[in-house]
Each structure stands twice: as C-alpha cells, then as structure tokens.
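A.B. asks: Please work out how this folds:
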Amino acid sequence: MYAGAKALFFALSRSTMLKRLASRYGMASPDSFARRFIAGERVEEAIEAARALQSRGLRLTLDYLGESVRTRSEADAAVQEYVHLIEVIVASGIERNISLKLTQLGVDIDRATCVENLRRILEPAQRHEFFVRLDMENSAYTDVTLDVFETLWNQGYRNIGAALQSYLYRTEADARRMNALGARVRLVKGAYKEPASVAYQDKADVDAAYVRLMRLLLDEGHYPAIATHDEAILEQTRAYAAERGIPTDRYEFQMLYGIRRDLQASLVARGYRMRVYVPFGRQWFPYFMRRLGERPANIGFVIRGILRER
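C.D. replies: Residues are numbered from 1 along each chain as shown. Next comes the predicted model:
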C-alpha cells in the first residue's frame, strides 16, 4: 500500500491533462484546493503566508518550486528568481531561510553549470546571512547532490545544509558523511517512487530506519532537522532527546505548509523549535502530487475542492 500509493501519484504527477486541470482550478481563488498546501504562485503571496506563520511562533523556509530544467536559459531563470527572492526576503524582514533543488539549477545539463548556478545563489545568501537547504530528489541524484554540496562546503560556503531520506538503504553512510563535515541534515522519509533494489518498500521499515537515523543525528549531528508529521516518531524523538539530555535548541522539528497544523502549534506551545516549509511558484503540481502520495488522506479534501471550483 505504501509503495503503491507513491507509484500511483508519481504517475499522476506526469499527466498532462491533470496538470492542465490543476493549473485552471488549483489556484483560481483564495479557497482553491491547492492553496491548502501551496502558499501561492507569486513571491508576495509566499511572504504574506510566511508572516502569518512567524506571528504564531513558527520558523520558516521558503521553497521556490521547480525541478528538472533542461536548458541553460531555464536554469538561469531559476537562479535569477532565487536571487530576487533573497532580495525580497531581506526587504520583508522575515526569517532568512530558503531551500532549492539541483535539477532546478541545471544538474541535468552538466555538473559545472549546476555548481556555478548554486554559487550565484550562495554568494548573496552568505552576504545576507541566509541558510540554504539543498533538497534531495530521487535516488538517481543522491550522489551528485551530496558531491555538489561537499564541493561548495569545501569552498567555504558553510551556510548550507542537505536533506537525507530514510527509505534509502545508503542513508546511514550518507548521514555519517554529513556529520563528519559538520553539516546540518534535514531527515525526511522520502517522497519519490524508488525500486526495492535501493529503498525500503514497507512503511514499517522506512519508519524504523527513520528512528535509527534520528538517533544518530541527535547524538552525532549538527543541529539536525527532524522533518516528519508522524506523531509516533515525534514522540520517540522527544523522548530520546530528553533521555540523552539533548536540549531543544540543538535540533528542530520541520513540517510542510498546510499539513498537521495542529501538531505544529502543539510543538510550539511545548517549547520546541518548529519550522514550516513554505512552497510557492507556478510549477507546483509535481510537488503537490508527491504530498498526496505521502498522505493519501488528503485526497478527499482535494476532490471536494475540485468539485467546488467547477
């Protein structure tokens, strides 16, 4: 069931017809179904959503959606959007924290193009004291993402962190590699369709790996981000940190915009650091479908939204 849901939504995310319908109805009004999970298509909407989150004691990171660009001009446009986003965030006064994907910056064109484009973003980000998270994509990109990360890290860009996925068999070794560098890791379960040759297929196995990695990062990591909406894992994290005497300022929880807002508020009320990923941009449909694949309970909400819009 777990792997099957991901496979289904991965396939649906590539449907031209669904993408066309989503573009028409998803953001048509403030009450449109996609706005539960996407802050908007314009940066101004994302800033407004971010301010609302900060007013409730939540931390945030802005994620300009986009991936799998195929031309240098598309990659260059993404870089310019991120440089503009940095300027807008500085002017707005909100927290200076962003995330991005390497396929958005041209890693499929060539590695050198991607490294240079990432440097073009990290320069102003470092100057303005931003933290930049490199999001992890499917397993075909794990090696290149970590290699590009380490290249920039060794060039002195220490305002960056990486994301790792618990469903990949290799992740413990990757976590130890990041810990040895002194880099900050965001731990997620993983949202992409992966074969059994590289990833756990059963939810119980993914969860067990997540808990092992959470403990490794709390013990040996550097301000890890425990990114999950799973209440059982959240409780295990809190209990393990308390047992080991790890103070709440040495790690943080992270969740996605619009998902488990009750848990987000509860953690803040208990004194934990809670960060929300705020996605925005016109290329929101693939991201949106992956979120449904992770949490099929949201399907009914979306269907009702589509019917209401029509």
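A.B. asks: How about Glu129, nearest residue that isn't a chain neighbour?
C.D. replies: Excluding the flanking residues, the one nearest Glu129 by CB to CB, 6 or more residues apart in numbering is Arg96, at 6.0 Å. For every residue, glycine as well, the C-beta is placed using N, CA and C.
A.B. asks: Is the one you found in contact with Arg127, as I believe?
C.D. replies: No: assessed by CB atoms under 8 Å, Arg96 is found out of contact with Arg127, at 10.8 Å.
A.B. asks: neighbour-wise, which of those two wins?
C.D. replies: Shown here are Arg96 and Arg127; by other CB atoms under 10 Å, Arg96 has more neighbours (18 against 11).
A.B. asks: Could you give the backbone dihedrals for that one?
C.D. replies: Dihedral pair for Arg96: phi -100, psi 80, per degrees, to the nearest 10.
A.B. asks: Could you report the pLDDT at it?
C.D. replies: As predicted, Arg96 sits at a pLDDT of 98.
A.B. asks: Check Met289 too.
C.D. replies: Looking at Met289, its pLDDT stands at 76.
A.B. asks: For it, grab the count of nearby residues.
C.D. replies: Count around Met289 with other CB under 10 Å applied: 23.
A.B. asks: before we move on, what about the one 4 residues further on?
C.D. replies: Gly293 sits with 25 neighbouring residues when counted by other CB under 10 Å.
A.B. asks: Quick check: it vs Phe131, distance?
C.D. replies: Gly293 sits 28 Å away from Phe131, going by CB to CB, to the nearest Å.
A.B. asks: Please apply the same query to Asn138.
C.D. replies: From Asn138 to Phe131 the distance is 24 Å (CB to CB).
A.B. asks: where does the stretch 201-310 of the chain dip in pLDDT?
C.D. replies: Low-confidence segments of the stretch 201-310 of the chain, defined by pLDDT under 70, span residues 294-310.
A.B. asks: Val276 falls within a strand, correct?
C.D. replies: Yes: judged by DSSP: H, G, I helix; E, B strand; the rest coil, Val276 forms part of a strand.
A.B. asks: in the sheet, who's paired with it?
C.D. replies: Val276 forms beta bridges with Leu60, Met255, as assigned by DSSP bridges.
A.B. asks: wait, isn't it in contact with Phe253?
C.D. replies: No: counting by CB under 8 Å, Phe253 is not a contact partner of Val276; they are 9.8 Å apart.
A.B. asks: So which residues of the stretch 101-250 of the chain form helices?
C.D. replies: Taking DSSP state H, counting those that start in this stretch, the helices of the stretch 101-250 of the chain run over residues 111-127, 142-154, 171-181, 203-220, 231-243.
A.B. asks: Could you dump those into a markdown table with distance to Thr61 added?
C.D. replies: Formatted as a markdown table, the helices of the stretch 101-250 of the chain follow (distance: least, CB to CB, whole Å):
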| stretch | distance to Thr61 |
| --- | --- |
| helix 111-127 | 12 |
| helix 142-154 | 17 |
| helix 171-181 | 18 |
| helix 203-220 | 18 |
| helix 231-243 | 19 |
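A.B. asks: Identify whichever of the ones you listed lies nearest to Ala265.
C.D. replies: Closest of the helices of the stretch 101-250 of the chain to Ala265 is helix 231-243, at 13.2 Å (criterion: CB to CB).
A.B. asks: Which elements pack onto the closest one?
C.D. replies: helix 203-220, strand 225-227, helix 261-269 (3 or more CB pairs under 8 Å, 6 or more residues apart in numbering; DSSP states H and E).
A.B. asks: Could you dump these into a markdown table with mean neighbour count and distance to Ile233 added?
C.D. replies: Converted to a markdown table, these look like this (neighbours: other CB atoms under 10 Å; distance: least, CB to CB, whole Å):
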| stretch | mean neighbour count | distance to Ile233 |
| --- | --- | --- |
| helix 203-220 | 18 | 6 |
| strand 225-227 | 23 | 8 |
| helix 261-269 | 15 | 11 |
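A.B. asks: For Cys114, which of those is the nearest?
C.D. replies: Among the helices and strands packed on helix 231-243, strand 225-227 sits nearest to Cys114 (CB to CB), with 23.2 Å.
A.B. asks: ok, now how distant is Thr113 from Glu123?
C.D. replies: Using CB to CB, we find Thr113 at a distance of 16 Å from Glu123.
A.B. asks: let me redo that: Phe149
C.D. replies: Distance of Phe149 to Glu123, computed by CB to CB: 16 Å.
A.B. asks: Which one of the two is surrounded by more residues?
C.D. replies: Phe149 (23 against 13).
A.B. asks: pLDDT score assigned to that one?
C.D. replies: pLDDT, read off for Phe149, is 98.
A.B. asks: Then Ser32?
C.D. replies: pLDDT for Ser32: 65.
A.B. asks: How about the contacts made by Leu60?
C.D. replies: Leu60 sits next to Ala50, Leu53, Gln54, Ile94, Glu95, Asn97, Arg275, Val276, Tyr277, Val278 when contact means CB atoms under 8 Å, 6 or more residues apart in numbering.
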